[in-house]
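Novice: prediction below, plus the sequence it came from.
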Amino acid sequence: MKKRTLTNLLIVSATIIFTACSGKAGPEKKAQSIESIIALQQARINSLPLAQTYPIEEEMNINNTLPLAQTYPIQEPPRVVRATYSPLSLNYSYTRRHQRRVYSNPYALINKIEWNAKRLLGKKYVWGATGPYCYDCSGFTQKVFRDAGINLPRVSRDQAKVGEYVDYAHLRKGDMVFFDTHKKRTGKVTHVGIYLGNGNFIHASSGAKKVVIFNFNKKKFYRERFLWGRRVINTNTRLASL
């Protein structure tokens with residue numbers, strides 16, 4: 001009986017000692033494993049690249065991968081001008097119309113007027129007509145100068161007041177020439193043409209029924225009925241033309 005009791009005591013004592021040892025070692029082992037996990041996570045965090053920071057001005061454009069637009073001063077389209085004239089004046093006023101070529105050399109403009117006039121040779125004369133298939137005398141001159149960028153009044157008596165007065169001896173190519181074609185001459189303008197040089201002028205003739213070139217030396221009628229010329233192209237001034 002005493003033997004059995006001693007044996008039981010030994011078993012109980014051993015169990016208590018073993019339990020106490022197991023209870024002491026368990027928490028330490030757990031603590032070590034948690035600390036290792038935390039250290040591992042911290043190492044992983046430290047290995048990540050640092051977040052990049054931006055100034056406030058750049059943060060506003062983070063989502064925009066394109067550079068900010070550069071601004072430029074607004075440029076006007078090519079300036080287009082048409083010259084108009086006041087009666088008895090050489091002053092020019094300009095208004096924008098279709099795009100035009102600007103001639104720095106006024107003689108190039110005079111040649112342009114000659115070309116404009118000659119390309120209408122043979123067009124029919126019709127009183128009061130302004131084109132494009134037939135013309136009267138002032139409708140013809142108005143068309144020719146308008147295509148060169150110069151506006152003229154509609155009728156010959158008003159065109160005779162535009163630009164610089166020129167007598168017969170000082171006519172130059174590009175000048176307008178005016179006539180009194182009434183049977184009984186009154187000194188009033190009734191007809192107009194464009195001087196081409198060497199005594200030639202081009203006009204829409206009611207007698208010829210078309211646009212023709214006449215020569216003063218061969219057509220005495222027009223030499224005798226000549227009144228004056230008008231120069232609307234100042235060779236010292238830059239003008240606009242098609």
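Specialist: Here it is on my side, so go on. Numbering: from 1, shown residues only.
Novice: what are the boundaries of the helices in this structure?
Specialist: Here the chain has its helices, by DSSP state H, at 2-47, 56-59, 106-118, 137-146, 156-159, 220-225.
Novice: worst average pLDDT in those?
Specialist: Among those, helix 56-59 carries the lowest mean pLDDT, at a mean of 46.
Novice: show me the protein divided up by domain.
Specialist: If you go by automatic domain parsing, the domain ranges for the chain are 2-59, 82-241.
Novice: any idea how far residue 195 is from residue 106?
Specialist: 16 Å (C-beta to C-beta, to the nearest Å). No exception for glycine: its C-beta is placed from N, CA and C like everyone else's.
Novice: these two - which one has more neighbours?
Specialist: residue 195 (23 against 17; other C-beta atoms under 10 Å).
Novice: enumerate every residue touching that one.
Specialist: Going by C-beta atoms under 8 Å, 6 or more residues apart in numbering, residue 195 touches 171, 172, 173, 174, 175, 176, 177, 201, 229.
Novice: can you put those residues in CSV and add neighbour count, distance to residue 164 and pLDDT?
Specialist: Converted to CSV, the contacts of residue 195 look like this (neighbours: other C-beta atoms under 10 Å; distance: C-beta to C-beta, whole Å; pLDDT from 0 to 100):
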residue, neighbour count, distance to residue 164, pLDDT
171, 21, 12, 97
172, 13, 11, 95
173, 17, 15, 95
174, 26, 12, 96
175, 25, 9, 97
176, 28, 11, 98
177, 25, 13, 98
201, 26, 18, 98
229, 24, 9, 97
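Novice: among these, which ones are in strands?
Specialist: 176, 177, 201, 229 (DSSP state E).
Novice: could I get the contacting residues of residue 171?
Specialist: Neighbours of residue 171 in contact, by C-beta under 8 Å, 6+ apart: 177, 195, 229.
Novice: wait, doesn't the first one sit right on residue 225?
Specialist: Think residue 177. No: in this structure, residue 177 is not within contact of residue 225 by C-beta atoms under 8 Å, at 10.3 Å.
Novice: how about the nearest residue to residue 186 once chain neighbours are set aside, what does it touch?
Specialist: Leaving aside its sequence neighbours, residue 186 sits nearest to residue 180 (C-beta to C-beta, 6 or more residues apart in numbering; 6.4 Å). Contacts of residue 180 were listed using C-beta under 8 Å, 6+ apart, and they are 186, 187, 188, 189, 190, 191, 225, 227.
Novice: alright, that wraps it up for me.
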